[in-house]
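Participant: Sequence and predicted structure, then a few things I'm wondering about:
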Amino acid sequence: EAGVAQSPRYKIIEKRQSVAFWCNPISGHATLYWYQQILGQGPKLLIQFQNNGVVDDSQLPKDRFSAERLKGVDSTLKIQPAKLEDSAVYLCASSLDRLGGYTFGSGTRLTVV
Amino acid sequence: QKEVEQNSGPLSVPEGAIASLNCTYSDRGSQSFFWYRQYSGKSPELIMSIYSNGDKEDGRFTAQLNKASQYVSLLIRDSQPSDSATYLCAVSSGSARQLTFGSGTQLTVLP
């Protein structure tokens, strides 16, 4: 089966600019997650979708981050405006259900300068 | 606040030895436990899952779970240089069953 697709792989932006990341989960996976992984740390959940509804976005900095999952398939994560501390790898993951482990995409490495 | 703690390492073992990685978690209601391997510059890859107390073996990997002690471990037998990576412990809890990750243990297997 095809894996979780993410783009772009790398992005460099200046602080206060905006950026968007795209994710296409494994076909049939109802649950989609966005994680932020800062260098040297474990991934931290930003938002969880079940189909096209938000299950949990309690750790999403909503003043600057937004995410959507239209039609329960693809998802985009946006940051506006970006801060230096947003430099991280943004990982998208999907799972068939909530019981098993996730499959991660290759991630987007964001550098804010 | 759900917490997952791991020894950050780095942990170095000689080739052929057993590598032991440990993890503790704070949420006593946690239901599922996972180990991910992450090579430098790559995304996490699921290598083991365990759901009930005891041991689960898969090839050279053995996951151990003790819910009473809120402790999960991963043993890697006959360690190979290709096992050198960061190992992330992840715990699933709550109705949404989200994974909370530890900060990872960096393992180096010396040839």
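Facilitator: Noted; the coordinates are in hand.

Participant: Residue numbers of chain B in contact with chain A?
Facilitator: Residues of chain B that fall close to chain A, judged by C-beta under 8 Å from any C-beta of the partner chain: B:4, B:32, B:34, B:36, B:42-46, B:49, B:88, B:90, B:92, B:96-104. Any C-beta I mention is one placed from the backbone N, CA and C, and that applies to glycine too.

Participant: lowest confidence element among the helices and strands of the chain?
Facilitator: The chain I'm using is chain A. Of all the helices and strands that make up chain A, strand A:53-56 has the lowest average by mean pLDDT, DSSP states H and E, namely a mean of 92.

Participant: meant chain B actually
Facilitator: Using mean pLDDT, DSSP H and E, the weakest-scoring helix or strand in chain B turns out to be strand B:98-101, at a mean of 91.

Participant: List the buried residues for stretch A:77-96?
Facilitator: Neighbour counts over stretch A:77-96 (16 or more other C-beta atoms under 10 Å in any protein chain shown) mark A:77, A:79, A:82, A:86-95 as buried.

Participant: Give me the sheet partners of the least confident helix or strand of chain B and which way each runs.
Facilitator: Each strand that strand B:98-101 pairs with, and the sense of that pairing, follows from DSSP bridges: strand B:85-93 (antiparallel).

Participant: What are the buried residues along the strand it pairs with?
Facilitator: So, applying 16+ other C-beta under 10 Å, buried residues of strand B:85-93: B:Ala85, B:Thr86, B:Tyr87, B:Leu88, B:Cys89, B:Ala90, B:Val91, B:Ser92, B:Ser93.

Participant: now swap in stretch A:4-19 and tell me
Facilitator: Residues A:Val4, A:Gln6, A:Lys11, A:Ile13, A:Val19 are the ones in stretch A:4-19 that count as buried (16+ other C-beta under 10 Å).

Participant: Alright, that wraps it up for me.
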